[in-house]
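**Q** my questions are about this predicted structure, shown below with the sequence.
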Amino acid sequence: MERHREPLVSVQVLQKQDGGQNAIAAVSKMAGDKPVLVLYEVEKENKYYFNVLQSVELKEHVEEIKIDGHGEGLWAKGEKDRWYLFSNGLEVLNQTENPADVHSTTQTFQYDKRNHKASLVIDQKEIEIELSKETKPLEIHQLSADDTLWLIVYEDDLVLAQSR
């Protein structure tokens, strides 16, 4: 029997790239054998370099992260269905079993296995993204306000992609 594995990477986009403003993404992942939560600025003018703004080592693996609906930070779901609220500086502010007002930047998409493409609809406009890997992504996040740059989440990797 195959054991269900949680993804090693979970992402939320806190700020989209728009004009001269770089995108900011929160990423929970493993750094070696330690779970970490990292805030990255994706520097457009520096070949989309992922610059670490903040990072914190976590006590347990994070199953998923969501954005607080009141703008107070990020909720991270730990291993025992416990949610922790992190400030924008990645300090723990609160914990609960069921955060009330959260949202996600994860986009719903269709995956074309034959052509390695993802299709999604944003504001009633169909968008197609060519993928660099031959495996289905776990998540896709809109990284730019103009729908041209996307953050593709695979089980153990993050990849940038452009739509046409």
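**A** On my side now, so go ahead. Residues are numbered from 1 along each chain as shown.

**Q** the helix or strand of the chain with the lowest mean pLDDT pairs with which strands?
**A** Ranked by mean pLDDT, DSSP states H and E, the weakest helix or strand in the chain is strand 157-162, scoring a mean of 90. When pairing is defined by DSSP bridges, strand 157-162 lines up against strand 149-154 (antiparallel).

**Q** for the partner strand, what is the average pLDDT?
**A** Across strand 149-154, the average pLDDT comes to 94.

**Q** run the chain-centre distance for the least confident helix or strand of the chain.
**A** Relative to its chain's centre, strand 157-162 lies at 11 Å (Cα atoms, centre = their mean, to the nearest Å).

**Q** put the alpha carbons of that strand into CSV.
**A** Taking C-alpha atoms only, strand 157-162 is exported to CSV below (Å, rounded to 0.1, in the frame of the first residue of the first chain):
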residue,chain,number,x,y,z
ASP,A,157,10.9,22.2,-6.8
LEU,A,158,9.7,25.7,-7.8
VAL,A,159,9.9,26.8,-11.4
LEU,A,160,9.0,30.1,-13.1
ALA,A,161,7.0,30.0,-16.3
GLN,A,162,5.7,32.5,-18.8
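
**Q** how about low-confidence regions in this protein?
**A** For the chain, the stretches with pLDDT under 70 are 1-8.

**Q** can you give me the helices for it?
**A** In the chain, no segments count as helices under DSSP state H.

**Q** before we move on, the earlier item: which residues are in contact with the least confident helix or strand of the chain?
**A** 9, 11, 27, 42, 48, 50, 129-133, 143, 148-152 (Cβ atoms under 8 Å, 6 or more residues apart in numbering). (Each C-beta comes from the backbone N, C-alpha and C, glycine too.)
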